[in-house]
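*Asks:* how would this look folded up:
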Amino acid sequence: AKPAVSTAMGALALIALGTEYGVHETIKADALQLWQSYTQVLASAPIATKAVTSGVVYTIGDIMAQRSKLGDEEWTLDVPRTIRSMLAGLCGHGILSHFWYDISETFFNDQLHWTAWWATIPKIGVDQLFWGPSWNAIYMLMLGMMKLEDPASVLADIKRNTLPLIVSGLKLWPLAHVVTYGLLPTEHRLLWVDIVEIVWVVILATQANSDGVATDDAGTGDSENVQSPVVER
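*Replies:* Take a look at the predicted model:
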């Protein structure tokens, strides 16, 4: 699955460069080849590919969050924290998101038969009210377990940060999910969400750091207690 992730990121970069410098034909051909390779791997191993994609994104997001926390000051990468964030994306977000998008699509399309354009609105609403808060809680739980924290402390962190994270997410995700649920096929939704989440991770990590949920870490969404869940929503 790792080649698929590199393929997707490479394709996006090449398309951007092609637009910027005008070398459209060569760049677009390379980007198309990379994209085709990614979609082939995605089709053959969807869960593994999505797991690795989220693992990579959570790693990048955590490193960015650590760097942005110190600004121009010298900094040393907190490797254990980054590994925890990577594992949360790899073992949690990518896999669970795969099933969430499939379940959501089946429910709205096959059960409710809501297939018109306006069905995007309730899909976003369910995402924001259910999936987002659920993943935030799972993310913080995973971090707490990896840090061997007291379960009562982890539960307190979840209660304290759930509402602030939902409010923060409303600044970004409803608009982003117009693309997620309105334009993209199910199999490509996670890649789009993960790209947007690189920005989201920094937002969550910044909030988590100021909250001080476990002041030793700040990760993708918690101070690494809220190690910033590149959380959806």
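
*Asks:* My reading is that H113 lies in a strand. Confirm?
*Replies:* No: going by DSSP: H, G, I helix; E, B strand; the rest coil, the assignment for H113 is coil, not a strand.

*Asks:* Tell me, how many residues neighbour it?
*Replies:* If you count neighbours by other CB atoms under 10 Å, H113 ends up with 9. No exception for glycine: its C-beta is placed from N, CA and C like everyone else's.

*Asks:* repeat for R160
*Replies:* Under the neighbour criterion other CB under 10 Å, R160 is assigned a count of 15.

*Asks:* State the next helix or strand along the chain beyond the helix or strand where it lies.
*Replies:* Using DSSP states H and E, the element containing R160 is helix 151-169. Next helix or strand after helix 151-169 toward the C-terminus (DSSP H and E): helix 173-182.

*Asks:* which non-adjacent residue is nearest H93?
*Replies:* S54 (4.2 Å; CB to CB, 6 or more residues apart in numbering).

*Asks:* Just confirm the one you found contacts S97, I think it does.
*Replies:* Yes: S54 is within contact range of S97, at 6.9 Å (criterion: CB atoms under 8 Å).

*Asks:* Run a quick neighbour tally on I83.
*Replies:* So I83, with other CB under 10 Å, has 13 neighbours.

*Asks:* Spell out which helix or strand contains it, please.
*Replies:* helix 79-88.

*Asks:* List the buried residues for that helix?
*Replies:* Neighbour-count burial for helix 79-88, counted by 16 or more other CB atoms under 10 Å, picks out R81, T82, R84, S85, M86, L87, A88.

*Asks:* Check which residues of stretch 99-116 are buried.
*Replies:* Of the residues in stretch 99-116, those buried (16+ other CB under 10 Å) are W100, Y101, S104, F108.

*Asks:* Check those and tell me the two furthest apart.
*Replies:* Farthest apart among the buried residues of stretch 99-116 by CB to CB are W100 and F108. That separation is 12.4 Å.

*Asks:* Got phi/psi on W75?
*Replies:* phi -140, psi 150 (degrees, to the nearest 10).

*Asks:* Is it in contact with Q66, as I believe?
*Replies:* Yes: between W75 and Q66 there is a contact under CB under 8 Å: 6.5 Å.

*Asks:* The two: which has the busier surroundings?
*Replies:* Neighbour count, other CB under 10 Å: between W75 and Q66, Q66 has more, with 24 against 12.
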